[in-house]
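[1] Build the 3D model from these lines:
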Amino acid sequence: MAYNFTAQWIKGIGNNAPDALSRNPVLDPQWDDSLCEYDCQHHPEPTIPEIRILQCDKHDSNRLHNLREEATKDPEYQQLHHTITRGFPDHRNQLPEACRRYWNIREHLTIDDGFIVYGCRLLIPASMRQKVLANLHKSHQGAVRTKERARLSLYWPGIDNDIDNVVLSCKKCQDRLPSNCKEPILSKPKPSRPFQEIAVDFGSYGGQQSLIMVDCLTDWPDIIPIHSVVRWWATFNDFASQWGFEHKASSPHYPQSNGKIEATVKSMKKIIASSWGNRSVKLNVMCRALLQYRNTPITQRWTVSCTEAWQRSTLETEQLAEHTLAQAELYYNSHVQELQDIQLGSTVALQNPRTKLWDIYGTVVNVSPHRRYSVKTQSGRVLVRNRRFLRHRTPASLCTSGRNNPHPDTPPCPEEITRYPIDNQDLQALPPLSQDPQTPTQHPQTSPQELRRSERTCKPPQRLIEDPQWP
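    Below you'll find the model as predicted:
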């Protein structure tokens, strides 16, 4: 016997639960109780395996049969079965090498109908873990939900890490991850004098392009009609170098990084729309509208308009502006999370601004201040994005184990799969493994595909010129 038990008598006052259950009176027997007694008389001493087989359907019994066959072929499983039957030794070093990782859970391991169980969870042999992982991941619920499902009935050492690796290697799961949360706000210092810092953006209405700018201190706006954005932008760098001012660009698809000009563009487009007539802007009407806009007091902001400066003292206005700005930052930072910085050369995934999928992959080639990153994609293009639209990706690295996959229709073990998102069908088409454990699988080098540029002349639709509508 592996265990020696000694029975000890305890008074009823010191053994409350069993004593209460043995003396607890029950109601009169029901019809179901009499039926159970009748079955017990005709079928005495039913065993636990017989009851289990009666409750299992044919599909579950086939699974248990396959599990039993694979368990008999697994030497580690049989060695652990023998150790549990005879009893664990006093020291971990006395265990065989394959059974030492079960030392911490030895008190929860037992044998039930020939199977090794950890609590209420079946221990899965190594040869079946690949197929079990693929079945667990078919719902694509993510790592947390898949772990919760596995903890109901399945176990093997390192199952949580294996599930994490499978989820990280599934392109379908990685492409459909939720968007990153917003980060704490970055407030820039207030300008000390008017027109020390201005914000500029383009606006279009009715096929007419306009350059809209606003002073960051006084909120003084202006509208300059232009003929071509491309032609104007081509000469802007020379213009900036000649006049000796610094130009800072905001991150694409992240308008809140330049929120002042975005709000100004919205207001200026309303003025342009109200001044539109006969396929063009009436300058006299637009100038009068701009005059009224500039003279309108701007409340609940730290900026000071000309009219407001006459009505309030400078100290009172600044105190009100600082309080308003502090309240806005406090409200914005109430639900934020600081994202980890990405190092130069890291492999990342970019969020598609239209589909919101993380299906664009590239390498970080430049890290700029204010969470601005330059990423070189697989096609060779360099995209600039804010940290909010980037996610870490591990470079492709296929780890070999020196053995072939015994199940070609199932994915390899989590230690053998790549953590880089690959295009697979439920993890069924992973690349084959190399026979040499020291030599990784070689992948053919493919040159990036060159993008083809269209030579057509783009013209705005006629309906936007004849009957312009507010965008």
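[2] three-state assignment of residue 5?
    coil (DSSP: H, G, I helix; E, B strand; the rest coil).
[3] actually residue 375, sorry about that
    Strictly by three-state DSSP, residue 375 counts as strand.
[4] For this protein, which segments are assigned as strands?
    Ranges of strands in the chain, per DSSP state E, are 109-112, 115-118, 121-123, 154-155, 198-205, 208-215, 221-226, 276-277, 280-281, 347-350, 360-368, 372-377, 382-386, 390-393.
[5] Tabulate the ones you listed (TSV), appending mean neighbour count, distance to residue 260 and mean pLDDT.
    Placement of C-beta: from N, CA and C, glycine included. Formatted as TSV, the strands of the chain follow (neighbours: other Cβ atoms under 10 Å; distance: least, Cβ to Cβ, whole Å; pLDDT from 0 to 100):
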stretch	mean neighbour count	distance to residue 260	mean pLDDT
strand 109-112	13	65	92
strand 115-118	18	60	93
strand 121-123	19	58	93
strand 154-155	19	55	94
strand 198-205	17	5	91
strand 208-215	19	6	91
strand 221-226	16	10	90
strand 276-277	14	25	86
strand 280-281	17	23	84
strand 347-350	19	26	93
strand 360-368	16	20	93
strand 372-377	18	18	94
strand 382-386	17	17	94
strand 390-393	18	25	90
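[6] List the contacts of stretch 349-357.
    174-176, 179-180, 253, 358-362, 375, 377, 383, 385, 389-391, 393, 421 (Cβ atoms under 8 Å, 6 or more residues apart in numbering).
[7] Would you work out how far apart the start and end of it are?
    End-to-end distance of stretch 349-357 (Cα to Cα, to the nearest Å): 9 Å.
[8] what does stretch 243-255 give?
    End-to-end distance (Cα to Cα), stretch 243-255: 27 Å.
[9] how far is it from where the chain is centred?
    Distance, stretch centre to chain centre, for stretch 243-255: 29 Å (Cα atoms, centre = their mean, to the nearest Å).
[10] for this protein, longest helix please?
    helix 314-332 (DSSP state H).
[11] Let me see the mean pLDDT of that one.
    Averaged over helix 314-332, pLDDT sits at 81.
[12] Spatially central residue for this protein, please.
    residue 177 (4.1 Å; Cα atoms, centre = their mean).
[13] Would you mind giving me the confidence score for that residue?
    90.
[14] For residue 141, see how far away residue 63 is.
    21 Å (Cβ to Cβ, to the nearest Å).
[15] For residue 453, give me the pLDDT.
    For residue 453, pLDDT reads 55.
[16] just residue 104 next, same as before
    92.
[17] Check the gap between it and residue 92 for me.
    9 Å.
[18] Including distance to residue 238, could the strands of the chain go into TSV?
    Below are those laid out as TSV (distance: least, Cβ to Cβ, whole Å):
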stretch	distance to residue 238
strand 109-112	76
strand 115-118	72
strand 121-123	70
strand 154-155	67
strand 198-205	16
strand 208-215	16
strand 221-226	16
strand 276-277	33
strand 280-281	28
strand 347-350	31
strand 360-368	22
strand 372-377	23
strand 382-386	21
strand 390-393	32
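[19] I'd like to know which of those strands is closest to residue 145.
    strand 154-155 (14.2 Å; Cβ to Cβ).
[20] Parallel or antiparallel, which strands does the closest one pair with?
    strand 121-123 (parallel) (DSSP bridges).
[21] Run the chain-centre distance for stretch 345-364.
    12 Å.
[22] Just the endpoints, please. Distance across it?
    Stretch 345-364: ends 5 Å apart by Cα to Cα.
[23] Residue ranges in the stretch 351-471 of the chain under the pLDDT threshold?
    Residue ranges of the stretch 351-471 of the chain with pLDDT under 70: 394-471.
[24] same thing but 50
    Scanning the stretch 351-471 of the chain for pLDDT under 50 picks out 396-449, 464-471.
[25] picking up where we left off before, could you check the strands of the chain and tell me which one is nearest residue 318?
    Nearest of the strands of the chain (Cβ to Cβ): strand 208-215, 17.1 Å.
[26] strands paired with the closest one, and their directions?
    When DSSP bridges is applied, strand 208-215 pairs with strand 198-205 (antiparallel), strand 221-226 (antiparallel).
[27] Not counting it itself, show me its contacts.
    In contact with strand 208-215 (Cβ under 8 Å, 6+ apart) are residues 194-195, 197-204, 220-229, 232, 260-261, 264-265, 268, 272, 280-281.
[28] same deal with stretch 369-388?
    For stretch 369-388, using Cβ under 8 Å, 6+ apart, the contacting residues are 179-180, 182-183, 186, 249, 251-254, 257, 339, 341-342, 348, 350, 360-368, 390, 448-451.
[29] Quote the end-to-end distance of it.
    Start-to-end, stretch 369-388 (Cα to Cα) is 14 Å.
[30] What are the boundaries of the helices in the stretch 151-300 of the chain?
    Counting by DSSP state H, counting those that start in this stretch, one finds helices in the stretch 151-300 of the chain at the ranges 159-168, 171-175, 229-234, 236-243, 259-274, 283-294.
[31] returning to what we had before: for the residue nearest to the centre of the chain, which non-adjacent residue is closest in space?
    residue 358 (5.7 Å; Cβ to Cβ, 6 or more residues apart in numbering).
[32] what's around that neighbour, how many residues?
    24 (other Cβ atoms under 10 Å).
[33] That one is in contact with residue 174, isn't it?
    Yes. Counting by Cβ atoms under 8 Å, residue 358 does reach residue 174; the two are 6.1 Å apart.
[34] Quickly list what's touching both of these two.
    349, 391.
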